[in-house]
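[1] Kindly return the folded structure for what I paste below:
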Amino acid sequence: QVQLVESGGGLVQAGGSLRLACAASGRTETNYAMAWFRQAPEKEREFVAAISWSGANTYYADSVKGRFTISRDNAKNTVFLQMNSLKPEDTAGYYCAGRQEYYKDTFYVKVRDYDKWGQGTQVTVSS
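    As a prediction, this is how the structure comes out:
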């Protein structure tokens, strides 16, 4: 089993930056595609960014494109989300997700595509 633990959330002013990290432990020898999702109070969990196992392919929600960057360091079993130019509407719990990559350099964008989830880290952006 793979366990995912997020870190790096916090309170930041609009226009500021945060870098989230998701550390994987356990059976990490399987090639995992990874993603970040977020969920604001009383809203559904939504896709933010995804990355394939090799890092060759990435994909972003339109709302974060150009501001957020997803990356990974497979030697450290860690995925990152660099968030710049943060806006109050980015306020949410941010969740790391993973799943086995069956086809090389594939990424997945739906909640139901993923079977491994972290507990989340809160990001609050003040105006």
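
[2] For Lys43, give me its contacts.
    Ala92 (Cβ atoms under 8 Å, 6 or more residues apart in numbering). Where C-beta positions appear, they are placed from N, C-alpha and C, glycine not excepted.

[3] roughly how far apart are it and Val123?
    According to Cβ to Cβ, to the nearest Å, Lys43 and Val123 sit 14 Å apart.

[4] before we move on, what about Ala35?
    16 Å.

[5] neighbour count winner among these two?
    Using other Cβ atoms under 10 Å as the criterion, Ala35 and Val123 rank with Ala35 on top: 27 against 21.

[6] Excluding chain neighbours, what is closest to the more buried one?
    Leaving aside its sequence neighbours, Ala35 sits nearest to Ala50 (Cβ to Cβ, 6 or more residues apart in numbering; 3.9 Å).

[7] pretty sure that neighbour belongs to a helix, no?
    No. When classified by DSSP: H, G, I helix; E, B strand; the rest coil, Ala50 is found to be strand rather than part of a helix.

[8] Could I get the pLDDT score of it?
    Note for Ala50: predicted pLDDT of 97.

[9] show me what contacts it?
    33-36, 58-59, 70, 107-109.

[10] Who is it paired with across the strands?
    Ala35, Tyr59 (DSSP bridges).

[11] Distance of it relative to Gln39?
    Ala50 is 16 Å from Gln39, by Cβ to Cβ.

[12] And the strands in the protein, which stretches?
    Using DSSP state E, the strands of the chain run over 2-7, 10-13, 18-26, 32-39, 46-51, 58-60, 68-73, 78-83, 92-100, 116-117, 121-126.

[13] Show me the shaky parts of the chain.
    28-29 (pLDDT under 70).

[14] what's the distance between Ser17 and Ser85?
    Taking Cβ to Cβ, one finds Ser17 at 8 Å from Ser85.
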